[in-house]
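> Generate coordinates for the sequence data below:
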Amino acid sequence: MGIIGAGTMGGGIAMSIVNAGLSVKLLDTTQEALDAGMARVTKNYQTSVSRGSTTQEKVDAALARIETVLDYSAFSDVDMVIEAVFENLEVKHQVFRKLDKVCKPGAILASNTSALNIDRIAEAVSRPGDVIGLHFFSPANVMKLIEVVRGDLASKETIVTAMNFAKTIGKVPVLAGSCVGFIGNRILHRYGAEGDLMQLEGATPWQIDNALKDFGFPMGIYLMRDMAGLDVGWLVRKNRMKDGTIDPNAADYNPLMDRLCEKGRYGQKTGAGLYKYDGRNAAPDAEVEAMLIQISAEKGITRRAISDEEIVWRVLAAMVNEGAKIVEEGYAQRASDIDVTYAFGYGFPKYRGGPMFWAEQQGLDKVYAKIKEYEVQYPQRWKPANLLKDRAEAGKGWKD
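From the prediction side, this is the model:
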């Protein structure tokens with residue numbers, strides 16, 4: 001195996017692979033970057049040893065299976081290479097052009113991209129059938145899910161080998177088509193937007209988070225965003241405003257996080273974001289609530305009391321409807337793939353089975369009826385998936 005990029009993600013991927021007994025060549029641009037990456041990997045292993053979850057003997061054996069390299073020619077004999085470099089198409093193209101030159105015929109060329117189109121990445125090589133996405137989740141040495149992302153050009157052999165590889169290293173693979181956000185992030189974007197709308201209507205970030213935590217999530221939408229850093233999404237939104245794909249003046253656009261970022265409130269790392277922080281301890285912030293009240297007034301929205309039950313239903317119905325569209329459009333093979341993605345990668349409470357299973361437990365007809373109610377006020381946002389409509393009207397589940 002080859003891995004490009006010795007950062008947090010690349011190092012985590014390397015750990016997952018060597019823990020399964022495979023050997024890795026880890027490449028980065030400088031010896032300093034490699035040394036820093038290996039120091040991070042070693043520290044992670046030492047933490048595991050101190051907790052008693054592994055032994056020093058096993059760690060020594062795993063570390064011995066990682067070889068650090070500075071030149072792409074070291075990849076001439078690898079069976080598969082995974083790049084974990086900066087999320088930019090031109091940077092990915094530079095990497096894949098080099099791989100195309102040095103890797104042996106039949107070697108699988110995989111990208112850890114979380115958002116880019118796999119077929120666009122494959123444009124850089126003369127063998128697009130060998131290119132596939134392997135979207136690991138952070139921390140990669142801990143998280144079980146891998147989205148195996150097939151472009152239209154990937155060969156069946158490449159797809160099957162990638163799925164088998166994920167199982168070999170103890171992961172849970174889900175096959176996804178190459179749409180924007182794949183399965184997990186596409187759904188996350190949709191229900192996150194629903195949470196943002198509920199804030200305009202009267203909810204607060206902590207009320208939404210607490211309702212989802214009571215449902216069984218380990219943390220809510222907004223605490224997660226604060227942990228990730230609000231500045232990351234802000235940069236994306238600013239670019240999308242420039243290219244016209246986001247209209248900041250739209251009635252249902254919530255500028256709260258943009259305004260927080262303008263104040264330098266990027267989340268946990270700056271001591272304030274959607275919450276205020278004492279170390280890692282988050283607390284509700286009256287200033288954020290005041291900003292929300294101001295934004296609602298600017299948009300002419302009369303705030304109202306929103307129940308926890310409504311929060312849970314709107315978030316989960318948004319998940320289910322988007323999941324049904326993904327299956328309907330062929331980007332997932334079956335509804336249970338949505339459930340596996342959410343149970344193993346996004347903290348959906350496993351005992352509830354996943355959003356699509358939850359919908360069956362409620363009755364697809366009941367979920368469809370709720371979505372029809374929401375559609376009255378927001379027709380574009382809540383257009384029901386045809387698959388959900390057909391199954392609900394027929395009185396069936398997803399598989400019947």
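> Quick check: residue 355 touching residue 348?
Yes: counting by Cβ atoms under 8 Å, residue 355 touches residue 348, with 6.5 Å between them. Where C-beta positions appear, they are placed from N, C-alpha and C, glycine not excepted.
> Which neighbours do those two have in common?
Between them, residue 355 and residue 348 share these contacting residues under Cβ atoms under 8 Å, 6 or more residues apart in numbering: 339, 342.
> Spit out the contact partners of the residue nearest to residue 155 when sequence neighbours are not counted.
If the residues on either side of it in the chain are set aside, residue 155 comes closest to residue 129, at 3.8 Å by Cβ to Cβ, 6 or more residues apart in numbering. Each residue near residue 129 by Cβ under 8 Å, 6+ apart is listed here: 153, 154, 155, 158.
> Of those, which is the nearest to residue 227?
For the contacts of residue 129, the closest approach to residue 227 (Cβ to Cβ) belongs to residue 154, at 33.3 Å.
> contacting residues around that closest one?
Applying Cβ under 8 Å, 6+ apart, we find residue 154 in contact with 118, 122, 128, 129, 130, 131, 132.
> What's the separation between it and residue 162?
Going from residue 154 to residue 162 by Cβ to Cβ, to the nearest Å gives 8 Å.
> swap in residue 323?
With Cβ to Cβ as the criterion, residue 323 and residue 162 are 22 Å apart.
> Closest to residue 339 out of the contacts of residue 129?
The closest of the contacts of residue 129 to residue 339 turns out to be residue 154 (Cβ to Cβ; 23.9 Å).
> follow-up on the earlier one: anything in contact with each of residue 154 and residue 162?
residue 132.
> ok so, going back, which among the contacts of residue 129 count as buried?
Applying 16 or more other Cβ atoms under 10 Å to the contacts of residue 129, the neighbour count classes 153, 154, 155, 158 as buried.
> In helices, which of the residues you listed appear?
residue 158 (DSSP state H).
> With pLDDT and distance to residue 22 as added columns, please give the buried ones among the contacts of residue 129 in JSON lines.
Listed next are those as JSON lines, based on pLDDT from 0 to 100; distance: Cβ to Cβ, whole Å:
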{"residue": "153", "pLDDT": "95", "distance to residue 22": "26"}
{"residue": "154", "pLDDT": "97", "distance to residue 22": "22"}
{"residue": "155", "pLDDT": "98", "distance to residue 22": "22"}
{"residue": "158", "pLDDT": "98", "distance to residue 22": "18"}
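> Go through the buried ones among the contacts of residue 129 and name the one nearest residue 183.
Using Cβ to Cβ, residue 154 comes nearest to residue 183 of the buried ones among the contacts of residue 129, at 16.2 Å.
> Quick check: the gap between that closest one and residue 127.
11 Å.
> Over to residue 295?
Distance of residue 295 to residue 127, given as Cβ to Cβ: 51 Å.
> Next: residue 309.
Distance, residue 309 to residue 127, by Cβ to Cβ: 53 Å.
> So which of these two has more stuff around it?
Neighbour tally, residue 309 and residue 127, criterion other Cβ atoms under 10 Å: the higher count belongs to residue 127, 17 against 9.
> Give me the spatial nearest neighbour of that one, chain neighbours excluded.
Distance criterion Cβ to Cβ, 6+ apart; nearest residue to residue 127, sequence neighbours excluded, is residue 100 at 6.9 Å.
> Over to residue 31?
Leaving aside its sequence neighbours, residue 31 sits nearest to residue 70 (Cβ to Cβ, 6+ apart; 6.7 Å).
> mind listing the strands for the stretch 1-150 of the chain?
2-4, 24-27, 66-69, 80-83, 108-111, 131-136, 145-150 (DSSP state E, counting those that start in this stretch).
> Tell me the secondary structure at residue 322.
Recorded secondary structure, residue 322: helix (DSSP: H, G, I helix; E, B strand; the rest coil).
> Can you name the helix or strand that the closest residue to it other than its chain neighbours falls in?
Nearest residue to residue 322, sequence neighbours excluded (Cβ to Cβ, 6+ apart): residue 190, at 4.3 Å. Residue 190 is part of helix 184-201 when elements are defined by DSSP states H and E.
> which helices and strands does that helix pack with?
helix 205-215, helix 221-228, helix 286-298, helix 308-328, helix 335-345 (3 or more Cβ pairs under 8 Å, 6 or more residues apart in numbering; DSSP states H and E).
> Name the stretch among those helices that sits most buried.
helix 335-345 (a mean of 23; mean count of other Cβ atoms under 10 Å).
> burial of residue 389, as a residue count?
Residue 389 - counted by other Cβ under 10 Å - has 18 other residues nearby.
> right, I mislabeled it, should have said residue 49
For residue 49, the number of neighbouring residues by other Cβ under 10 Å comes to 14.
> do the one 3 residues further on as well
A count of nearby residues for residue 52, using other Cβ under 10 Å, gives 7.
> so residue 1 makes contact with residue 25?
Yes: if you go by Cβ under 8 Å, residue 1 and residue 25 touch, sitting 7.2 Å apart.
> Farthest pair within the contacts of residue 129?
153 and 158 (9.4 Å).
> Give the intersection of the neighbour lists for these two.
Residues touching both residue 153 and residue 158 (Cβ under 8 Å, 6+ apart) are 129, 131.
> follow-up on the earlier one: the residue nearest to residue 322: what's it in contact with?
Residue 190 makes contacts with 318, 319, 321, 322, as judged by Cβ under 8 Å, 6+ apart.
> which of these lies closest to residue 212?
Using Cβ to Cβ, these come closest to residue 212 at residue 319, 11.1 Å.
> quick one: low-confidence parts of this structure?
Along the chain, segments meeting pLDDT under 70 are nowhere present.
> pull the CA atoms of stretch 246-264 into CSV?
Output in CSV follows, covering the C-alpha atoms of stretch 246-264 (Å, rounded to 0.1, in the frame of the first residue of the first chain):
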residue,chain,number,x,y,z
ILE,A,246,-25.9,30.5,-2.4
ASP,A,247,-28.1,33.6,-2.2
PRO,A,248,-27.5,35.3,1.2
ASN,A,249,-30.7,37.3,0.7
ALA,A,250,-32.9,34.2,0.4
ALA,A,251,-35.8,34.1,2.9
ASP,A,252,-34.6,30.8,4.4
TYR,A,253,-30.8,31.6,4.5
ASN,A,254,-29.5,32.0,8.0
PRO,A,255,-26.4,34.2,8.2
LEU,A,256,-25.7,33.6,11.9
MET,A,257,-22.5,31.6,11.4
ASP,A,258,-21.2,34.1,8.9
ARG,A,259,-21.7,36.9,11.4
LEU,A,260,-20.1,34.8,14.2
CYS,A,261,-17.0,34.3,12.0
GLU,A,262,-16.8,38.0,11.2
LYS,A,263,-16.5,38.5,15.0
GLY,A,264,-13.6,35.9,15.1
